[in-house]
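>>> Any chance you could fold what I've pasted below:
(chains A and B, ligands or ions: 1)
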Amino acid sequence: MLKFAQLQLRDAALAEDAVQEALVAALAGERSFSGRSALKTWVFSILRNKIVDLIRVQSRTTNISALGEDEADMDATFEELFKDNAHWRPEARPFGWGDPAETLREERFWEVFETCLNHLPEKTARVFMMREFLEFETDEVCRELSLTVSNCNVILHRARNGLRRCLEGSWFAPGVSAC
Amino acid sequence: MLTCKDATRLMSEAQDRPLSVGEKLQLEVHLAMCRGCSNFREQMNFLRLACRRFMQRRNGDDDGSSPS
Ligand SMILES: [Zn+2]
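Numbers count the residues shown, from 1 in each chain, chains lettered A, B, ... in the order given. Next up is the predicted model:
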């Protein structure tokens, strides 16, 4: 749970506070739980709200749509995947990743997945995780972070392609290590 | 004609909103002819699936043994 909060907030101290507050709030609620799993789900839903609150506060002080150096690098790398006519360069063409279920069963895959998430620039990761992990609709993400829809689309596209490339390089390509 | 670069944008947006009939048509025509973009679409679907599974693992049922 702490790892999850850290992944989202990219701030160890802030993440620890959020998890602690969520635990306290959950225990103060004095609900009865049929099992450990029910309690975990409950704490998690409180934590989700806390993370969203923190993201909301952070987004007021940082300009999320501003293009950082990391984002510009990612865009340049993306452009290099294509020929002048905007079709794939043969060597950059996406290849098949095989059976998804098989990959997702591999414990090692999840380590690579987390590493790749951490490779995304902070703001890009935040938008992506709100969409994919906290399961906000895209227009909610835009609204919460005061982004235009097209801005949101650009950021999500950048995040997905970055993650895709990282996984392709460090998991799916045989014999290649690190991205 | 849709380029591969534009197709990747549409395929990303397809994860966030329903595409219009025209967009869908353009994309399907392109995908029928383009192996790279077909793989890209499968990779996008994989990412969505991996994110869902990632959350399930975080969310308590992380014994991983339940058949899906
Ligand atoms: Zn294509």
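
>>> For chain B, list the residues in contact with the ion, please.
Taking Cβ under 5 Å from the ion, the part of chain B that reaches the ion is made up of B:4, B:7, B:34, B:37. Yep, even glycine has a C-beta here, placed from its N, CA and C like the rest.

>>> Please list which of those residues are also close to chain A.
With Cβ under 8 Å from any Cβ of the partner chain as the criterion, these include B:4, B:34, B:37 near chain A.

>>> Tell me the one of the residues you listed nearest B:Lys24?
Taking Cβ to Cβ as the measure, B:Lys24 sits nearest to B:Cys37 out of those, at 13.9 Å.

>>> Pretty sure the closest one sits against B:Thr8.
Yes - the criterion here is Cβ atoms under 8 Å, and B:Cys37 meets it with B:Thr8 at 7.2 Å.

>>> what residues does the helix or strand bottoming out on mean pLDDT in chain B touch?
Least confident helix or strand of chain B, by mean pLDDT, DSSP states H and E, is helix B:35-58 with a mean of 94. Outside helix B:35-58, the residues that touch it by Cβ atoms under 8 Å, 6 or more residues apart in numbering or on different chains are A:1, A:4, A:44, A:88, A:93-97, A:100, A:103-104, A:110, A:113, A:132-133, A:135, A:160, A:163-164, A:168, B:4, B:7-8, B:11-12, B:14-15, B:30-31, B:62, B:64.

>>> what about the helix or strand hosting A:Thr103, near chain B?
Using DSSP states H and E, A:Thr103 falls within helix A:100-105. Yes - with Cβ under 8 Å from any Cβ as the criterion, chain B is reached by helix A:100-105 at A:100-101, A:103-105.

>>> Where does the prediction get shaky in chain A?
For chain A, applying pLDDT under 70 flags the ranges A:29-37, A:64-65, A:174-179.

>>> and it, what are its domains?
When chain A is parsed with automatic domain parsing, its domains come out as A:1-61, A:64-179.

>>> could these go into CSV alongside mean neighbour count?
CSV is the format used below for the domains of chain A (neighbours: other Cβ atoms under 10 Å in any protein chain shown):
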stretch, mean neighbour count
domain A:1-61, 15
domain A:64-179, 16
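
>>> follow-up on the earlier one: in helices only, show me the contacts of helix B:35-58.
Among the contacts of helix B:35-58, DSSP state H puts A:4, A:44, A:100, A:103-104, A:110, A:113, A:132, A:160, A:163-164, B:4, B:7-8, B:11-12, B:30-31 in helices.

>>> Next, report how far the helix holding A:Thr103 is displaced from the centre of its chain.
Distance of helix A:100-105 from the chain centroid (Cα atoms, centre = their mean, to the nearest Å) equals 19 Å.

>>> Check stretch A:147-160 too.
13 Å.

>>> about what we covered before: for the ones next to chain A among the residues of chain B next to the ion, which single residue is the most surrounded?
Using other Cβ atoms under 10 Å in any protein chain shown as the neighbour test, those are led by B:Cys37, with 25 neighbours.

>>> Spatially nearest residue to that one, not counting backbone neighbours?
Distances taken as Cβ to Cβ, 6 or more residues apart in numbering or on different chains place B:Ala7 nearest to B:Cys37, at 4.8 Å, with adjacent residues excluded.

>>> For B:Leu19, which of the domains of chain A is the nearest?
Set against B:Leu19 and scored by Cβ to Cβ, the domains of chain A come closest in domain A:64-179, at 12.2 Å.

>>> and that closest one with the ion, contact?
No - Domain A:64-179 stays clear of the ion (Cβ under 5 Å from the ion), getting no nearer than 6.0 Å.
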